[in-house]
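Visitor: got a predicted structure plus its sequence, pasted below:
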Amino acid sequence: MKNEISRRGFITIAPLATVGLFLNKKPNFFRLDKPNSKFGGVQMGAITYSFRSMPHDIDQLLKFCIDANVSAIEMMGDPAEDFAGKPKNPNPFRMGSQSPRPAGSTAPTGPPQRPQMTDEQKAQMAAYGKQVAEWRATASMDKFKEIRKKFNDAGVSIYAFKPNAFGANNADSEVDYAMNAAKALGATSVTVELPTDSAQTKRLGDLGTKNKVYVGYHAHLQATDTLWDEALSQSPYNSLNLDCGHYIAVGGKNTKETLLALIQAKHDRITSMHIKDRTADGKSNLAWGKGDTPIKDVLLLVKNKKYKFPISIELEYDVPAGSDAVKEVAKCIEYAKNILV
C-alpha cells in the first residue's frame, strides 16, 4: 500500500521523530547537548548553595546544573559527603548546612543565622562532630572521584569545594581530608568564611601549601580593600573568594571604582568570585540588573583582562512565585552571556 511505511523507511524516520520530540521539550528540560556557561573566555558557574531551596542529592544536583546550563560549580559539602557515606546528621541544617527556603521568602544577606541550641542539642552536635571527624579520618576518596567522573561526563567541572571542615575546632586531619576530597573532585581550591583569627588563616594557609590546594576566603559586610592582606601575606595558597555583591553592599568607601581596582590589584590572588546584585545600602538582594553591583563592568573587566578565575552565581534574591532556583540561575547565566558574547 502507498501509505504503508516500509521497515527500512521506519528505521530511517524513527530516530528523526525522536529527536523532534526532544527538541519540542521545554528549554533545559531534556538537553541534547552538554551545558556550556563559558562565554568570551569567562567561566561562569554557580555555587550550589544557590539550589538550597530545592532539597537534593548528588544526582539531582547534577540535573539542576544541566538544566540551568551551568558547566562549572563551587560545590557545597553536604551532597558530596553524603554520597561518600558521611554519618547522618541527627540535627538537620546544623554543622554548616543550609535549610531549604521556599519561593518568595526572604533570602539571607550575610552569614546564615540559626536558632539557638539547647544544652541537649549542643551535646548531641558535639558527639556528632566527633563521629564525623572519625569518619573523615578513614574516608576513601573513591566516592569523590566517582562524583568527579559523573559530573565531568555530563560536562560539569568542579572548581571549588566548600565543606564544613575548616573551623578552628576541626583537626588538621579533617582539613587534610577536605583538601584531598577537593582534589579528588577536580577542584583547585576550597572556600571558607574568612576567620577573624589570623592564627587560623596561617594554619589553613600552611595546610593548603602542604596539600597544594588554595584556600579562598569569603567575606560579607566586613569587606574592605585591605581585609585579605594579612592572610595573603601568610601563604601563597591563601586567596580570595571575592563576593562583589557583599563588597558593594557595604557602601561608603566601597564603590564600583574601588571594586574594579581591587579586582585588578588582586586578580592573581583571586581563585574564584561570587556575583549577586545587592543595593549599596546593604538592605536588598535583587534580581540581576536591578541592584547596585556593577555586574556588567566586572564581567567585561574579567573578559578584557583575560583573568582566568571562575565567577560563581550565588542566588540569594527572592525566588519569584511560579519559578524555582534552577530557572533563576539559568536567567543569571543568560544575563552574563548577553554581556560577554
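Guide: Received it, and whenever you're ready, just let me know what you need.
Visitor: ok, N180 touching N211?
Guide: Yes. The pair N180 / N211 is scored as a contact, 6.7 Å apart, by CB atoms under 8 Å. (C-beta placed from N, C-alpha, C; glycine too.)
Visitor: please say which of these two ends up with more neighbours.
Guide: Taking neighbours as other CB atoms under 10 Å, N180 and N211 compare with N211 leading, 19 against 16.
Visitor: might you report the residue contacts of the more buried one?
Guide: By CB atoms under 8 Å, 6 or more residues apart in numbering, the contact set of N211 is D176, M179, N180, K183.
Visitor: repeat the analysis, applying 7 Å as the threshold.
Guide: Each residue near N211 by CB atoms under 7 Å, 6 or more residues apart in numbering is listed here: D176, M179, N180.
Visitor: which one of the residues you listed is nearest to A231?
Guide: When those are ranked by distance to A231 (CB to CB), M179 comes first, at 16.5 Å.
Visitor: how many residues are close by the closest one?
Guide: Counted with other CB under 10 Å, the neighbours of M179 add up to 27.
Visitor: is it true that it touches V213?
Guide: Yes. Applying CB atoms under 7 Å as the test, M179 and V213 come out as touching, 4.2 Å apart.
Visitor: which neighbours do these two share?
Guide: V190.
Visitor: adding secondary structure and pLDDT, write the contacts of N211 out as CSV.
Guide: As requested, the contacts of N211 are exported to CSV (DSSP: H, G, I helix; E, B strand; the rest coil; pLDDT from 0 to 100):
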residue, secondary structure, pLDDT
D176, helix, 98
M179, helix, 98
N180, helix, 98
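Visitor: tell me which of the residues you listed is nearest to D318?
Guide: D318 has its nearest neighbour among these in M179, at 34.9 Å by CB to CB.
Visitor: what's next to stretch 140-155, contact-wise?
Guide: Contacts for stretch 140-155 (CB under 7 Å, 6+ apart): 34-35, 58, 62, 66, 71, 80, 83-85, 157-158, 180-181, 184-186.
Visitor: could you redo the last one with a cut-off of 6 Å?
Guide: Applying CB atoms under 6 Å, 6 or more residues apart in numbering, the contact partners of stretch 140-155 are 34-35, 58, 62, 71, 80, 83-84, 180-181, 184-186.
Visitor: going along the chain from the helix or strand where K266 lies, find the next helix or strand for me.
Guide: Using DSSP states H and E, K266 maps to helix 256-266. Downstream of helix 256-266, the first helix or strand assigned by DSSP H and E is strand 270-275.
Visitor: for the next helix or strand after that following strand, what is the distance to the chain centroid?
Guide: Going down the chain from strand 270-275, the next helix or strand is strand 277-278, by DSSP H and E. A distance of 17 Å separates the centroid of the chain from that of strand 277-278, by CA atoms, centre = their mean, to the nearest Å.
Visitor: now stretch 252-266
Guide: Relative to the chain's own centre, stretch 252-266 is displaced by 23 Å; criterion: CA atoms, centre = their mean.
Visitor: pLDDT below threshold where in the chain?
Guide: 1-32, 92-115 (pLDDT under 70).
Visitor: I'd like the distance between Q121 and A168.
Guide: 20 Å (CB to CB, to the nearest Å).
Visitor: so the two - more neighbours on which side?
Guide: Each of Q121 and A168 has its neighbours counted (other CB under 10 Å); Q121 has more, 14 against 11.
Visitor: what about that one, distance to G282?
Guide: Noted for Q121: a distance of 31 Å to G282, by CB to CB.
Visitor: one more: L315?
Guide: The gap separating L315 from G282 is 18 Å, by CB to CB.
Visitor: okay, these two: which has more neighbours?
Guide: L315 (26 against 17).
Visitor: does the more buried one touch S50 like I think?
Guide: Yes. Using CB atoms under 6 Å, L315 is in contact with S50, at 3.7 Å.
Visitor: intersection of neighbour lists for those two?
Guide: Common neighbours of L315 and S50, counting by CB under 6 Å, 6+ apart, are A325, V329.
Visitor: what are the ranges of the helices in the stretch 151-300 of the chain?
Guide: 172-185, 198-211, 229-234, 244-249, 256-266, 295-305 (DSSP state H, counting those that start in this stretch).
Visitor: helices or strands next to the helix or strand that contains M125 in the packing?
Guide: Assigned by DSSP H and E, M125 belongs to helix 119-138. Other helices and strands packing on helix 119-138, by 3 or more CB pairs under 6 Å, 6 or more residues apart in numbering; DSSP states H and E, are helix 172-185.
Visitor: what's the angle from the helix it packs on to helix 119-138?
Guide: Angle of helix 172-185 versus helix 119-138, following axes from the mean of the first three to the mean of the last three CA atoms, to 10 degrees, is 60 degrees.
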